[in-house]
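Here's my sequence, what's the structure:
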Amino acid sequence: MRRKDREVTDSGRIREIISACKCCRLGFCDDGKVYIVPLNFGYEECEGRYIFYFHGAKEGRKIDLIEKTHYAGFEMDANAEVYGKDTACTYTSRFQSVVGGGEVGFVENAEEKKRALRAIMRHNTGRADWEFQENMINAVCVFRLTVEELSCKEHL
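Residues are numbered from 1 along each chain as shown. The predicted structure is shown next:
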């Protein structure tokens, strides 16, 4: 990271920043071109690694790319604000961001799907006591990104 003064390495602070993010953008390589899709997400930590969960339709470009590449980059950010004085070059931005990449795969097991959907709902609503009907579980595609690399940065 070029700006070491903005790097965040404290695991508790990284967790706080991830918690403040509302959208995770997944980036895929699609025959030499970049495809980026913004998604709602939830997450959990497992043995010191983050697992991000997503849901969506069972077909489409991102589903095809998950099947083809099994890898995605990600970006999420929070608290972005441009500020400055009366001169253009004095402007800068406040921000918090997390970027990285990892293996992407589908969640097929019904119990893990429920856990993943609860993580998504908890992250987006603050509630963790959700129940899901079997037809809901069967209708949705749930996939996970197991983080292999992550960097976090903030400028406040």
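
Spell out for me which residue occupies the centre of the protein.
For the chain, the residue sitting closest to the mean C-alpha position, by C-alpha atoms, centre = their mean, is Cys24 at 3.6 Å.

What separation is there between it and Val104?
12 Å (C-beta to C-beta, to the nearest Å). Heads up, the C-betas are built off the backbone N, CA and C, glycines and all.

how about the nearest residue to Glu154, chain neighbours excluded?
Gln96 (4.2 Å; C-beta to C-beta, 6 or more residues apart in numbering).

Could you export the helix or strand hosting the one you found as CSV, CA atoms only?
Here Gln96, judged by DSSP states H and E, is contained in strand 92-107. Output of strand 92-107 as CSV, limited to C-alpha atoms (Å, rounded to 0.1, in the frame of the first residue of the first chain):
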residue,chain,number,x,y,z
THR,A,92,-9.6,15.9,-0.7
SER,A,93,-11.9,13.0,0.5
ARG,A,94,-12.6,11.3,3.7
PHE,A,95,-13.2,7.6,3.3
GLN,A,96,-12.9,4.1,4.6
SER,A,97,-12.4,1.2,2.2
VAL,A,98,-11.7,-2.5,2.1
VAL,A,99,-10.4,-4.2,-1.0
GLY,A,100,-9.2,-7.7,-1.8
GLY,A,101,-10.1,-11.0,-3.5
GLY,A,102,-10.9,-14.6,-2.9
GLU,A,103,-12.4,-17.8,-4.0
VAL,A,104,-16.1,-17.6,-4.9
GLY,A,105,-18.4,-20.6,-4.7
PHE,A,106,-22.1,-21.5,-4.3
VAL,A,107,-23.7,-22.5,-1.0
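
Which neighbours in the sheet does it have, and how are they oriented?
strand 71-83 (antiparallel), strand 141-155 (antiparallel) (DSSP bridges).

mean confidence score for that strand?
For strand 92-107, the mean pLDDT works out to 94.

which regions of this structure sit below the pLDDT cut-off?
1 (pLDDT under 70).

Show me the helices in it, by range?
Assigned by DSSP state H, the chain shows helices spanning 11-20, 61-69, 110-125, 134-139.

Which of those helices sits closest to Pro38?
helix 61-69 (10.8 Å; C-beta to C-beta).

Which parts of the closest one count as buried, going by neighbours?
Neighbour counts over helix 61-69 (16 or more other C-beta atoms under 10 Å) mark Lys62, Leu65, Ile66 as buried.
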